[in-house]
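A.B. asks: Would you be able to build a 3D model of this:
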Amino acid sequence: MKGLVIYKGRYGATKQYAAWIGNELGLPVASADRFPKDQVEKYDYFIIGSSVYIGKLEIRKWLKKNYKTLKNKKTFLFQVAASPVTDIEKRESYNATCVPAAILNKSKIFFLPGRMIMRNLGWFDRFMLKMGARLTKDPEERTRMLTDFNDVKKEHILPLISAVKALIKINEPEKEYV
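C.D. replies: Presented below is the predicted three-dimensional model:
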């Protein structure tokens, strides 16, 4: 089976996870911004990664553009966000609003922790984050929103790697030994 890791992110965490996944599985890795649409059909399965930016998946336009092909392919989605991975309802809502239902319903979904380093953000993103924090009533949440963190770790991809390997094993023809 021929697979591809494709991603779209903003500040590098999604790209890092995509690189680790591609390396572990021996798959090519491509940015959604640079991947030619006519190449999508060549792959049997996709590992699709996206960061969340202002409540939306960065890769949503690419998914819609390639919907006709992707709906017939096996897909694994990984979402990278500042929201805690335990906040399943919030994270699922991002997928529900950004991923076409025919793709979402047949995909395995993985929520991976992200990072936020205030000094690395663009001025507009820093401004929006500070404004959002000001509007937050909960002081603990406000502090959390403005505190740097980096939880991007290779071990977070292990469940995804296992799921992909299981798919490949199921679809490989059995070898006969004589």
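A.B. asks: Residue nearest the middle of this structure, spatially speaking?
C.D. replies: residue 49 (2.6 Å; C-alpha atoms, centre = their mean).
A.B. asks: Okay, strands next: where are they in the chain?
C.D. replies: 3-8, 29-31, 45-53, 56-57, 74-81, 108-113, 115-116, 149-150 (DSSP state E).
A.B. asks: pLDDT (mean, whole number) over the longest one?
C.D. replies: In this model, strand 45-53 has a mean pLDDT of 95.
A.B. asks: same question, stretch 70-81
C.D. replies: Per-residue scores along stretch 70-81 average to 93.
A.B. asks: Buried residues in that stretch, which are they?
C.D. replies: Using 16 or more other C-beta atoms under 10 Å as the test for burial, stretch 70-81 gives 70, 73-81. For the C-beta atoms, the positions are set from N, CA and C on the backbone; glycine is no exception.
A.B. asks: from those, which is closest to residue 37?
C.D. replies: residue 70 (11.2 Å; C-beta to C-beta).
A.B. asks: The residue nearest to that closest one when sequence neighbours are not counted: how many residues sit nearby?
C.D. replies: Leaving out its chain neighbours, the residue that sits closest to residue 70 by C-beta to C-beta, 6 or more residues apart in numbering is residue 103, at 5.3 Å. Residues within reach of residue 103, counting by other C-beta atoms under 10 Å, total 21.
A.B. asks: Look up how far residue 27 lies from the residue nearest to residue 104 when sequence neighbours are not counted.
C.D. replies: Among residues not flanking residue 104 along the chain, residue 95 sits closest, at 5.8 Å (C-beta to C-beta, 6+ apart). In this view, residue 95 and residue 27 are 22 Å apart by C-beta to C-beta, to the nearest Å.
A.B. asks: Please apply the same query to residue 145.
C.D. replies: In terms of C-beta to C-beta, residue 145 sits 35 Å off from residue 27.
A.B. asks: out of these two, which sits in the busier spot?
C.D. replies: Legend: neighbour count by other C-beta under 10 Å for residue 145 and residue 27, higher for residue 27 (20 against 16).
A.B. asks: what residue ranges in this structure are flagged as low confidence?
C.D. replies: Along the chain, the model assigns pLDDT under 70 to residues 170-178.
A.B. asks: Please parse it into its domains.
C.D. replies: 3-114+151-171, 117-150 (automatic domain parsing).
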